[in-house]
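Novice: let me see the structure of the following:
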Amino acid sequence: MAAESGSVRAGSNRSGLLVGALTYFMWGLFPFYFVLVEPAGPFEVVAFRITFSMLFCVVLVTLTRGWRSLLNVARNPRTLGALGIASVLITANWTIYISAVFTNNTAEASLGYFINPLVSTLLGVLVLKEQLTPAQWVAAGLGLVAVVVITVGYGRLPLFGLGLAFSFGLYGLAKNRVGGKVKPIEGLALETAWMTPAAVVFLSVMAGMGLLTFPKLGWGFTGLLMLSGVITAIPLLTFAFAASRLRLVTLGMIQYIAPIMLFIVGVWVFGEPMSGTRWAGFALVWAAVVVLMVDAVWQARVTRHLPRTAAQGGSVTEGPGAQAQD
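Specialist: Numbering: from 1, shown residues only. Got it, this is the predicted structure:
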């Protein structure tokens, strides 16, 4: 029986790892899609992305018969408010990301997602009053020095990178307030619903002024814009699938697939310039990432062995929540 349970858990791990890696791979390919819709401009793309994501969510909720559950969540003012804040932050994140790609700053966008864990760590200390380990202090210090070096290399603050890191870090904090009370489809639907009115108003005003791009470029371009809802929602749902089957440490490691791909696309596909100073700054960021990963693995191993050691000493009884998720 134990062997069968272990086999099921191992299968769940493999499927979670495969789907998680696929999710970050899809996110890493996003710049190619944004280049295809570049004539629309970042704000128009974001507005269409919100609108068509909402339509896709309506279809998903209908197919899964989730309207009653979604309405129950919507009746909780605190949860609904947290999702509203999350909606504003993820919309800002999208806008910054697309603007970075459109202005040939894809490599800088990758910087934002590399330093995002450092920002999340900082927010944990400032907002959640968490304690940093010595390794996390080292990583934070390396990250700060890296930003200074990259600022010198760019001749300006890396605003795209910092904007992406802080908007996504704050988004994670807002989602942390929601916790596990909201299913992925419900959360995505309600987050999107918050920004849909603003997106519709923006598109209506642009249409009234004759400034919308998609009618002028034919049905093929319109189809690409309509796909924005699907390509937004699917990775978010596959991420939720992976997150429910993987240890947090594993998920934290594979998250770097996307920024690595963004960096490769920006530097070697789009040909964005990288001076020696910029390389030095990125190297410091990567060193900080390695320190964080090593520390996360070490902390996870310590945590996993604590219940077993305590149980052997007879002071702790293992229960359903005592085992770490594999």
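Novice: what is the three-state secondary structure of Thr210?
Specialist: Just so we're on the same page, residue 210 is Gly rather than Thr. Secondary structure for Gly210, judged by DSSP: H, G, I helix; E, B strand; the rest coil, is coil.
Novice: host element of Glu302?
Specialist: One correction, residue 302 is Val, not Glu. helix 276-312 (DSSP states H and E).
Novice: mind checking the pLDDT average for that helix?
Specialist: Mean pLDDT, helix 276-312: 80.
Novice: likewise stretch 209-216?
Specialist: Stretch 209-216 comes out with an average pLDDT of 81.
Novice: can you check stretch 63-83 too?
Specialist: 91.
Novice: who's in contact with it?
Specialist: Under the criterion C-beta atoms under 8 Å, 6 or more residues apart in numbering, residues 60-61, 174-175, 177-178, 181-183, 185-187, 189-191, 194 lie in contact with stretch 63-83. Glycine gets a C-beta too; all of them are placed from N, C-alpha and C.
Novice: at 10 Å what do you get?
Specialist: For stretch 63-83, contacts defined as C-beta atoms under 10 Å, 6 or more residues apart in numbering pick out 57-58, 60-61, 173-179, 181-183, 185-194.
Novice: pull out the buried positions in that stretch.
Specialist: Using 16 or more other C-beta atoms under 10 Å as the test for burial, stretch 63-83 gives Gly66, Leu70, Val73, Thr79, Leu80, Ala82, Leu83.
Novice: distance between the ends of that stretch?
Specialist: Start-to-end span of stretch 63-83 (C-alpha to C-alpha, to the nearest Å) is 22 Å.
Novice: low-confidence stretches in the stretch 1-150 of the chain?
Specialist: 1-12 (pLDDT under 70).
Novice: at 50 instead, please
Specialist: Residue ranges of the stretch 1-150 of the chain with pLDDT under 50: none are present.
Novice: tell me where it has helices.
Specialist: Here the stretch 1-150 of the chain has its helices, by DSSP state H, counting those that start in this stretch, at 2-36, 42-63, 67-74, 77-102, 106-126, 134-154.
Novice: of these, which stretch is the most buried?
Specialist: helix 106-126 (a mean of 23; mean count of other C-beta atoms under 10 Å).
Novice: got the angle for that helix vs helix 134-154?
Specialist: Here the directions of helix 106-126 and helix 134-154 differ by 140 degrees (axes from the mean of the first three to the mean of the last three C-alpha atoms, to 10 degrees).
Novice: that older thread, which one of the buried residues of stretch 63-83 sits closest to Glu44?
Specialist: Here the nearest of the buried residues of stretch 63-83 to Glu44, counting by C-beta to C-beta, is Leu83; it sits at 24.5 Å.
Novice: could you measure from the closest one over to Ile96?
Specialist: Distance of Leu83 to Ile96, computed by C-beta to C-beta, to the nearest Å: 20 Å.
Novice: for the helices of the stretch 1-150 of the chain, which one sits closest to Phe214?
Specialist: helix 42-63 (7.5 Å).
Novice: how far off centre is the closest one?
Specialist: Helix 42-63 has its C-alpha centroid displaced from the chain centroid by 18 Å (C-alpha atoms, centre = their mean, to the nearest Å).
Novice: tell me the angle of it relative to helix 77-102?
Specialist: Between helix 42-63 and helix 77-102, the angle comes out at 130 degrees (the same axes, to 10 degrees).
Novice: how big is the angle separating helix 42-63 from helix 67-74?
Specialist: Using the same axes, to 10 degrees: helix 42-63 against helix 67-74 is 130 degrees.
Novice: if we can go back for a sec, sort out for me which of the contacts of stretch 63-83 are in helices.
Specialist: Secondary structure from DSSP state H places 57-58, 60-61, 173-178, 185-194 of the contacts of stretch 63-83 in helices.
Novice: buried among those residues? Need that as a selection in PyMOL.
Specialist: Per 16+ other C-beta under 10 Å, the buried members of these correspond to this PyMOL selection:
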select buried, resi 57+60+61+173+174+175+178+185+186+187+188+189+190+191+192+193+194
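Novice: I figured Asn116 hits Leu164, correct?
Specialist: Yes: Asn116 lies in contact with Leu164 (C-beta atoms under 10 Å); the separation is 7.3 Å.
Novice: which neighbours do those two share?
Specialist: Joint contacts of Asn116 and Leu164 (C-beta under 10 Å, 6+ apart) are Pro259.
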